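Undergrad: this one's structure only:
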């Protein structure tokens, strides 16, 4: 489970590595410049998306045929995830904990004024917790977030763009969305794409009301050919290999960033609960047809704990495993 940073690195990397993606070309005139109404084409193949949660970069399988510009930038995508973390012992007491996570993501991508890539997103999360510890924990956690991201040319710098994103969010242990649990993560990062093989990013996410208020957005995506994608970024580093147009084999990793929820603890309301772990695993994706793909992944879970941020109470959990299944539909 990841911190709800509201990054939209996936918005650019996901689109920029999608077929026939076009951005208004910064610092140019004639064909490809915003003034002329042309576009600078960044053409790359489509891919699977076995990424967990809202953040950033898709693990990236290189699949599918090139689409035209309007199809690639005016599309809807629905992703659904189910992750099972089996019953595991805690470190400090003779207790067990089992967690099941489900997530639903919807996104709509289009071009504003036929030039500017804009993405709207909606994410719903539900975490079921079964445990017999002495720590007073909620039986479930709930999250709902929306997002808007825009990619613009960065002044007159050639092949350089800036992503501006905001993600209004609420994360609680019930559906009573009180204003105290409202968060507004924002992110800004630069994107540099020198050629068809490399994409570099660097910037910062600002997370007001979180314990750690800043998180770096940095790294690169390298696509040496039509089979490999190396995604080395601060949130979801991964490597994907696609031997053909249907199958993708990938690694996945989620760093221990610590997701925060406002919950009820005994008679105390709106207490912040931190849910932290790190996941490292392998997976396989299969593209059923032009619209639908599925992935199955699994691996180890490390550095696990659940604790209250401002009051006493922490449950350290032994290392364990996880299994994840996802379905992706693109229209």
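TA: Looks like it came in fine. What you see is a predicted model, and the numbers here were worked out from it, not measured in a lab.
Undergrad: Okay, now stretch 187-205: how far is its last residue from its first?
TA: With Cα to Cα, to the nearest Å as the measure, stretch 187-205 spans 4 Å from end to end.
Undergrad: swap that for stretch 201-215, please
TA: End-to-end span of stretch 201-215 (Cα to Cα): 14 Å.
Undergrad: pLDDT of it, averaged?
TA: The pLDDT scores in stretch 201-215 average 89.
Undergrad: Name the residues of it that come out as buried.
TA: Residues of stretch 201-215 classed as buried: 201, 203, 205, 206, 207, 210, 215 (neighbour count, 16 or more other Cβ atoms under 10 Å). To be clear about C-beta, it is placed using only N, CA and C from the backbone, and glycine gets the same treatment.
Undergrad: and it, how far from the chain's centre?
TA: Between the centre of stretch 201-215 and the centre of its chain there are 15 Å (Cα atoms, centre = their mean, to the nearest Å).
Undergrad: and what of stretch 116-130?
TA: Relative to the chain's own centre, stretch 116-130 is displaced by 9 Å; criterion: Cα atoms, centre = their mean.
Undergrad: for that stretch, what is the average pLDDT?
TA: The average of the pLDDT scores along stretch 116-130 is 95.
Undergrad: Where does pLDDT dip in the stretch 101-250 of the chain?
TA: By pLDDT under 70, the stretch 101-250 of the chain has no low-scoring segment.
Undergrad: list the contacts for residue 95?
TA: Residue 95 sits next to 89, 131, 132, 133, 134, 315 when contact means Cβ atoms under 8 Å, 6 or more residues apart in numbering.
Undergrad: got the phi/psi numbers for the residue nearest to the fifth one when sequence neighbours are not counted?
TA: This points to residue 134. Take residue 134 and drop its neighbours on the chain: the residue closest to it by Cβ to Cβ, 6 or more residues apart in numbering is residue 93, 6.2 Å away. Dihedral angles of residue 93 (phi, psi; degrees, to the nearest 10) stand at phi -150, psi 170.
Undergrad: Just give the number of residues close to residue 93.
TA: Counted with other Cβ atoms under 10 Å, residues neighbouring residue 93 total 12.
Undergrad: That one reaches residue 314, doesn't it?
TA: No. In this structure residue 93 lies outside contact range of residue 314 using Cβ atoms under 8 Å: 11.1 Å.
Undergrad: And the strands in the stretch 101-250 of the chain?
TA: With DSSP state E, counting those that start in this stretch, the ranges of strands along the stretch 101-250 of the chain come out as 116-131, 140-153, 160-166, 169-172, 182-183, 186-192, 198-206, 214-222, 228-233, 238-241, 247-254.
Undergrad: among those, which is nearest residue 294?
TA: Of all the strands of the stretch 101-250 of the chain, strand 247-254 sits nearest to residue 294, with 10.7 Å by Cβ to Cβ.
Undergrad: Can you list the strands that the closest one pairs with?
TA: Strand 247-254 sits in its sheet next to strand 238-241 (antiparallel), strand 268-287 (antiparallel), going by DSSP bridges.
Undergrad: Following element in sequence after it, please.
TA: Sequence order places strand 259-265 as the next helix or strand after strand 247-254, per DSSP states H and E.
Undergrad: That following strand - contacts with which helices or strands?
TA: Packed against strand 259-265 by the contact rule (3 or more Cβ pairs under 8 Å, 6 or more residues apart in numbering; DSSP states H and E) you find strand 140-153, strand 169-172, strand 268-287.
Undergrad: Report the rounded mean pLDDT for that strand.
TA: Across strand 259-265, pLDDT averages out at 91.
Undergrad: surely residue 85 meets residue 100?
TA: Yes. Residue 85 is within contact range of residue 100, at 7.3 Å (criterion: Cβ under 8 Å).
Undergrad: nearest to residue 302, of the contacts of residue 95?
TA: Residue 302 has its nearest neighbour among these in residue 89, at 14.4 Å by Cβ to Cβ.
Undergrad: what number of residues lie near the closest one?
TA: Neighbourhood size, residue 89 [other Cβ under 10 Å]: 12.
Undergrad: Spit out the contact partners of it.
TA: Under the criterion of Cβ under 8 Å, 6+ apart, the neighbours of residue 89 are 95, 96, 317, 318.
Undergrad: Phi first, then psi, for the residue lying closest to the third one once chain neighbours are set aside.
TA: Of all residues beyond its chain neighbours, the one nearest residue 317 is residue 304 (3.8 Å), with distances taken as Cβ to Cβ, 6+ apart. When read as degrees, to the nearest 10, the backbone of residue 304 gives phi -100, psi 130.
Undergrad: What's the separation between residue 304 and residue 282?
TA: Residue 304 is 19 Å from residue 282, where distance means Cβ to Cβ, to the nearest Å.
Undergrad: do the same with residue 292
TA: Distance, residue 292 to residue 282, using Cβ to Cβ: 22 Å.
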